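Enquirer: One predicted model, sequence on top.
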2 protein chains.
Amino acid sequence: MSLIVQKFGGTSVGSIERIQAVADKVAKFRADGHDIVVVLSAMSGETNRLLALAAEISEQPTPREMDVLVSTGEQVTIALLSMALHEKGLDAKSYTGSQVRILTDSSHTKARIKSIDEQRMRDDLSLGRVVVVAGFQGTDEDGNITTLGRGGSDTSAVALAAALKADECQIYTDVDGVYTTDPRVVDGARRLDKITFEEMLEMASLGSKILQIRSVEFAGKYKVPLRVLSSFEDGPGTLITIEDEVAMEAPAISGIAFTRDEAKLTIVGVPDTPGVASKILGPVSAANVEVDVIVQNTTEDGTTDFTFTVNRSELNKAGAILRQVAGDLGAREVITDDNICKVSIVGVGMRSHAGVASKMFAALADVGVNIQLITTSEIKISVVIDEKFMELAVRSLHSAFELEQA
Amino acid sequence: MSLIVQKFGGTSVGSIERIQAVADKVAKFRADGHDIVVVLSAMSGETNRLLALAAEISEQPTPREMDVLVSTGEQVTIALLSMALHEKGLDAKSYTGSQVRILTDSSHTKARIKSIDEQRMRDDLSLGRVVVVAGFQGTDEDGNITTLGRGGSDTSAVALAAALKADECQIYTDVDGVYTTDPRVVDGARRLDKITFEEMLEMASLGSKILQIRSVEFAGKYKVPLRVLSSFEDGPGTLITIEDEVAMEAPAISGIAFTRDEAKLTIVGVPDTPGVASKILGPVSAANVEVDVIVQNTTEDGTTDFTFTVNRSELNKAGAILRQVAGDLGAREVITDDNICKVSIVGVGMRSHAGVASKMFAALADVGVNIQLITTSEIKISVVIDEKFMELAVRSLHSAFELEQA
């Protein structure tokens, strides 16, 4: 008998039928003797409906009142699921974020969890009750309603699992696990049985958007075993776990991530003096433009070429800033390119497998893909290439690293 | 400068435009220097939408979870109004029933208020803030969300006014005050400037359904001056107040109430023994049929005729019970009639004005209306008559008591 925290997202509770299907799933786990804490999002569409009401009133609605408004979404689903569980003869009790006492800081619309009082939940569980908690929301010290920001229900689930020392935190989504890469791009993409937290973080941030990054970080920090699985079909999903538990004989890489929506900016011929990088990026980040890849090369004439990528929608903004900076610094020119993409291989195995990088570059060269930029971290190698080669590159790498095979 | 509690019902906050209109109204009172606490219902239609969701899941949804569900309705409106007030440059802060701490008993879906912690509201008011409170809801000792039942927002408003010792509790509705009778029946029906709590109670229970009875009782008990006025047009409305404040020279009666949806049952020739009334009514009330007028006459042959009225929709149910009882008691027969109506004159003035009853009966006789039943209380005289005479009776009485004139 285990204690399991199960989180269902908006699509999984998007209609009465779906809510009843969630109740069936919970009932099955209860029948197997498990203690269950369920964490729910708002019904899909509901949060947007509420945001639209606020938008009719104000362009910049007060954050405190936004939280009062949107937190009603999950309150509706916890009540409905509890009723559905009762209807199946299960005892169940719902809690808002304030009631369970998920204590957060006071940063409305993007609050961080400080602590959770798990006593009431424990009492309910010991009485055989299913505990149903509103995700995404909490309360600050003064009793104000707070929310954790979009996708915050994943974070709520992991935090509850950590507080309760749950055996597993199951995140139900519309995919049946984490794949070696996007199955829409590579036919042979394979569901991973296990992946480490670090790999998951690199995969998620690179575009395989299954889980909110914050929740994965959180799960890794508190060593909460996290499982991603499908709301709509049965299956084991993918377990996200700490490195030790992944077989020592792990393959070199676990998956291939990619993102299309980036653009590249290069400032050419900048006099290479100390502090030049911060002089270039300072104004960019001051304008709230997020920078992804950063690469700097020194040339022989005492100048440097400095390249970085941003979200494609911010290219114009970043370009204007950079041209201003180029003038100030006496650089030769600014070149921008929005026909790029980024492809990354991710895996803790690359730490112990030599030659992963050269194998990657060879595989790309074999199919004639030119590499524009390279960056590396301990468990990830990313390349920026021409966008039109993206699918070709992903398929070649998937095959070169034999990811079709378990 | 006064402290005013203002309550707006579902129609008054039924759309974004309406909510903005409420914000305008509140802003005007603030500009006049008043401290304002606003109490809101859910947007019209929202509570029914939520009830329909619950009905899809269960025929008898758990009361505790019903309260979690439907209390979201007011939570949405308090957030939206607070945003609208901010948009007009006013400081405002919303509170759910739990947050303001409206403490109730644990009778979910029909809870009663036990106490209110007014300190947070006082602090906000002293900072110049408008306090916006969710009506209809509270919390029990254990932090469970409770609701006060349909119309409970009126009760919330009065309870807040009592706790804050407000100068006035204003209930905004879709009518501009309390009338001498229904203007749809009598052209000359006149808005009353003042009415006593007792009169209002008799008027409300007899069909002039403007305010929830419980809130009037509550206001009377705590001597909270209550004003009914229109959300949609300006005007003084009707002040409901204690008797002493109504002029000594009050007219004999204040208004005429009526109800159509009753039916009459008579059990004829019951042996007149002690306890016969409870033997007749016991089974009726055990079946949850509410009885309105009760009249008993003794005849000379040692038997009695016992008559009472019920809601017309319950006539069949009550009739079946009564025929059973008639058999048990050896009564002669049971007669039922659903072509009746009840007309009542109400006024504290009748205490000091002799001959009010005879004037009423004479007015009815003048127009040929036969009286079937008469009951009286201290400030009310009701007659049951044939339904087809209802309008005629109301108009005749309105004229006989000169209610057109202030």
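Expert: Good, I have the coordinates. Treat the numbers as computed from the prediction; the structure is a model and nothing was measured.
Enquirer: which residues does the residue in the stretch 201-350 of chain A that chain B sits nearest to contact?
Expert: In the stretch 201-350 of chain A, no residue comes nearer to chain B than residue A:231, which is 17.8 Å away by Cβ to the nearest Cβ. (Glycine included, C-beta is placed from N, CA and C.) By Cβ atoms under 8 Å, 6 or more residues apart in numbering or on different chains, residue A:231 lies in contact with A:8-9, A:11-12, A:18, A:21-22, A:25, A:172-174.
Enquirer: Contact partners for residue A:229?
Expert: Going by Cβ under 8 Å, 6+ apart, the list of residues near residue A:229 reads A:170-173, A:176-177, A:235-238.
Enquirer: do residue A:367 as well
Expert: A:389, A:392-393, A:396 are the contacts of residue A:367 under Cβ under 8 Å, 6+ apart.
Enquirer: Next, work out how far apart it and residue A:360 are.
Expert: Distance from residue A:367 to residue A:360, counting by Cβ to Cβ, to the nearest Å: 12 Å.
Enquirer: which residues are contacting the helix or strand of chain A with the lowest mean pLDDT?
Expert: Lowest by mean pLDDT, DSSP states H and E among the helices and strands of chain A is helix A:197-205, with a mean of 80. Helix A:197-205 has contacts (Cβ under 8 Å, 6+ apart) with A:178, A:195, A:210-213, A:216-217, A:219-220, A:226, A:240-243, A:254-255, A:257, A:344, A:346-348, A:377, A:379-380.
Enquirer: Those residues, buried ones only, as a ChimeraX selection?
Expert: To isolate the buried members of the contacts of helix A:197-205 in ChimeraX, using 16 or more other Cβ atoms under 10 Å in any protein chain shown:
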select /A:178,195,210,211,212,216,217,219,220,226,240,241,254,255,257,344,346,347,348,379,380
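Enquirer: Of the contacts of helix A:197-205, which belong to helices?
Expert: Under the assignment DSSP state H, the contacts of helix A:197-205 contribute A:213, A:216-217, A:219-220 to helices.
Enquirer: Could you find the lowest-pLDDT member of the residues you listed?
Expert: Within the set of the ones in helices among the contacts of helix A:197-205, pLDDT is lowest for residue A:213 (76).
Enquirer: quick one: that one from residue B:380, how far?
Expert: 69 Å.
Enquirer: same deal with residue A:292?
Expert: Taken as Cβ to Cβ, the span from residue A:292 to residue B:380 is 78 Å.
Enquirer: and what of residue A:308?
Expert: 83 Å.
Enquirer: now do residue A:233
Expert: Residue A:233 is 67 Å from residue B:380, by Cβ to Cβ.
Enquirer: same question, residue A:288
Expert: In terms of Cβ to Cβ, residue A:288 sits 70 Å off from residue B:380.
Enquirer: for residue A:147, same thing?
Expert: For residue A:147, the distance to residue B:380 - Cβ to Cβ - is 53 Å.
Enquirer: on that earlier part again, I'd like the list of the contacts of residue A:367 that fall within helices, please.
Expert: Short answer: the contacts of residue A:367 in helices (DSSP H) are A:392-393, A:396.
Enquirer: which one of the residues you listed is nearest chain B?
Expert: residue A:393 (47.6 Å).
Enquirer: ok, that closest one - contacts?
Expert: A:258, A:343, A:364, A:367, A:369, A:383, A:385.
Enquirer: And stretch A:359-377, what's buried?
Expert: Buried residues in stretch A:359-377 (16+ other Cβ under 10 Å): A:359-360, A:363-364, A:369, A:371-373, A:375.
Enquirer: ugh, typo on my part, it should be stretch A:335-344
Expert: Going by 16+ other Cβ under 10 Å, stretch A:335-344 has these buried residues: A:337-338, A:340-344.
Enquirer: circling back: dump the ones in helices among the contacts of helix A:197-205 to JSON lines, plus distance to residue A:103.
Expert: Compiled in JSON lines, the ones in helices among the contacts of helix A:197-205 are given as follows (distance: Cβ to Cβ, whole Å):
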{"residue": "A:213", "distance to residue A:103": "22"}
{"residue": "A:216", "distance to residue A:103": "22"}
{"residue": "A:217", "distance to residue A:103": "19"}
{"residue": "A:219", "distance to residue A:103": "19"}
{"residue": "A:220", "distance to residue A:103": "22"}
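Enquirer: Show me which of those residues is closest to residue A:122.
Expert: Nearest to residue A:122 among these is residue A:219, at 20.7 Å by Cβ to Cβ.
Enquirer: so what's residue A:241 scoring on pLDDT?
Expert: On the pLDDT scale, residue A:241 gets 86.
Enquirer: For it, list each beta-bridge partner.
Expert: Applying DSSP bridges to residue A:241 gives these bridge partners: residue A:196.
Enquirer: I'd like the distance from it to residue A:227, if you could.
Expert: Taken as Cβ to Cβ, the span from residue A:241 to residue A:227 is 9 Å.
Enquirer: Tell me where chain A has helices.
Expert: Under DSSP H, chain A gives helices at A:16-31, A:46-57, A:63-70, A:72-87, A:97-100, A:119-126, A:152-164, A:197-205, A:213-221, A:276-286, A:315-329, A:356-366, A:390-400.
Enquirer: If you average pLDDT over each of those, which is lowest?
Expert: Across the helices of chain A, helix A:197-205 gives the lowest mean pLDDT, at a mean of 80.
Enquirer: got the angle between that one and helix A:213-221?
Expert: 180 degrees (axes from the mean of the first three to the mean of the last three Cα atoms, to 10 degrees).
Enquirer: Convert the C-alpha atoms of helix A:197-205 to CSV, please.
Expert: Output of helix A:197-205 as CSV, limited to C-alpha atoms (Å, rounded to 0.1, in the frame of the first residue of the first chain):
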residue,chain,number,x,y,z
PHE,A,197,15.4,14.9,-13.2
GLU,A,198,18.4,16.6,-14.9
GLU,A,199,17.6,15.1,-18.2
MET,A,200,14.0,16.0,-17.8
LEU,A,201,14.9,19.6,-17.0
GLU,A,202,17.1,19.9,-20.2
MET,A,203,14.3,18.2,-22.3
ALA,A,204,11.6,20.4,-20.9
SER,A,205,13.4,23.7,-21.3
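Enquirer: gap between it and the chain center?
Expert: 8 Å (Cα atoms, centre = their mean, to the nearest Å).
Enquirer: what do you get for stretch A:60-79?
Expert: 22 Å.
Enquirer: That one close to chain B?
Expert: Yes - counting by Cβ under 8 Å from any Cβ of the partner chain, chain B has neighbours in stretch A:60-79: A:61-62, A:64-66, A:68-69, A:71-72, A:75-76, A:78-79.
Enquirer: ok, those residues vs residue A:128, which is closest?
Expert: The closest of the residues of stretch A:60-79 next to chain B, once distances to residue A:128 are taken by Cβ to Cβ, is residue A:78, at 18.5 Å.
Enquirer: Which residue is the nearest non-sequential neighbour of the residue in the stretch 101-250 of chain A that chain B sits nearest to?
Expert: Nearest residue of the stretch 101-250 of chain A to chain B: residue A:143, at 5.6 Å (Cβ to the nearest Cβ). Distance criterion Cβ to Cβ, 6 or more residues apart in numbering or on different chains; nearest residue to residue A:143, sequence neighbours excluded, is residue B:99 at 5.6 Å.
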